[in-house]
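Colleague: fold the following for me, if possible:
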Amino acid sequence: MDVIINNSMIQLIQGDITKLDVDAIVNAANTSLMGGGGVDGAIHRAGGKAILEDCMKIRNQRGGCEVGEAVITTGGNLKCEFVIHTVGPVWNSGKNNEEEKLRNCYKNLLILAESNEVTSIAIPNISTGIYNFPKDLACSIAIDEVSKYIINNKSEINKVIFICFDEANYELYKNELKRFC
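Modeller: The predicted model follows:
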């Protein structure tokens, strides 16, 4: 499914983010940046040691990456030039500003992408795995923040791919994107 907003294409696909040929992919990272399970582990395994080495440099400089923030590394062995790591919130029944923190993930990763001249980016489902963020709410926030950014910022990002690993997220994103058709 493809949607055009302000000359930027938003595309929805189901698959493996590590296989995409875009300028940057987004990693749903943890605060340590040292890899983990799910998307994070897959990106670190496929990208090789160069990503881990860059993450270690960032850790040594900043102490990691806070929830809602984003940092950028090489793409290592991946087809992309960059990996943008963002740390989504762990869902705690909405009691710890989780929605705002997830919104900040999208704002900050898009700002970082733009400042590194990224024109195509792939974004996975952030916080919906072991962090237990409700998938429908996370989907709504993702599409809302990306579309607002594109509309309000004369963005140079001309292609955003939402890539879902599972069917449930894919269906949620497909239904949410229909409002732009």
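
Colleague: which stretches of the protein form strands?
Modeller: Taking DSSP state E as the criterion, the chain contains strands spanning 2-5, 8-14, 24-29, 70-74, 82-87, 120-123, 159-164.

Colleague: switch these over to CSV; also include mean pLDDT.
Modeller: Shown next, in CSV, are the strands of the chain (pLDDT from 0 to 100):
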stretch, mean pLDDT
strand 2-5, 83
strand 8-14, 94
strand 24-29, 96
strand 70-74, 97
strand 82-87, 97
strand 120-123, 98
strand 159-164, 96
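
Colleague: tell me which of these is the most buried.
Modeller: By mean neighbour count, with neighbours taken as mean count of other CB atoms under 10 Å, strand 24-29 ranks first of the strands of the chain at a mean of 29. In short, each C-beta sits where N, CA and C put it, glycine included.

Colleague: from the contact counts, what lies against it?
Modeller: On a contact count with 3 or more CB pairs under 8 Å, 6 or more residues apart in numbering; DSSP states H and E, strand 24-29 meets helix 38-47, strand 82-87, strand 120-123.

Colleague: format those as CSV; extra columns: distance to residue 16.
Modeller: CSV is the format used below for the helices and strands packed on strand 24-29 (distance: least, CB to CB, whole Å):
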stretch, distance to residue 16
helix 38-47, 7
strand 82-87, 14
strand 120-123, 10
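
Colleague: what are the contacting residues of the worst-scoring helix or strand of the chain on mean pLDDT?
Modeller: Least confident element among the helices and strands of the chain, by mean pLDDT, DSSP states H and E: strand 2-5 (a mean of 83). Contacts to strand 2-5, defined as CB atoms under 8 Å, 6 or more residues apart in numbering, come from residues 9, 10, 11, 12, 147, 150, 151, 177, 180, 181.

Colleague: repeat the analysis, applying 7 Å as the threshold.
Modeller: Contacts of strand 2-5 with the rest of the structure, by CB atoms under 7 Å, 6 or more residues apart in numbering, involve 9, 10, 11, 147, 150, 151, 177, 180, 181.

Colleague: tabulate those residues (TSV), appending distance to residue 65.
Modeller: Putting the contacts of strand 2-5 into TSV (distance: CB to CB, whole Å) gives the following:
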residue	distance to residue 65
9	28
10	25
11	27
147	25
150	24
151	27
177	28
180	31
181	35
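
Colleague: and stretch 132-147, what's its mean pLDDT?
Modeller: Per-residue pLDDT values over stretch 132-147 give a mean of 96.

Colleague: would you mark the buried spots in it?
Modeller: Counting neighbours by 16 or more other CB atoms under 10 Å, one finds that the buried residues in stretch 132-147 are 133, 135, 137, 138, 139, 141, 142, 143, 145, 146, 147.

Colleague: distance of the third one relative to residue 120?
Modeller: Summarising the geometry, the distance separating residue 137 from residue 120, computed by CB to CB, to the nearest Å, is 27 Å.
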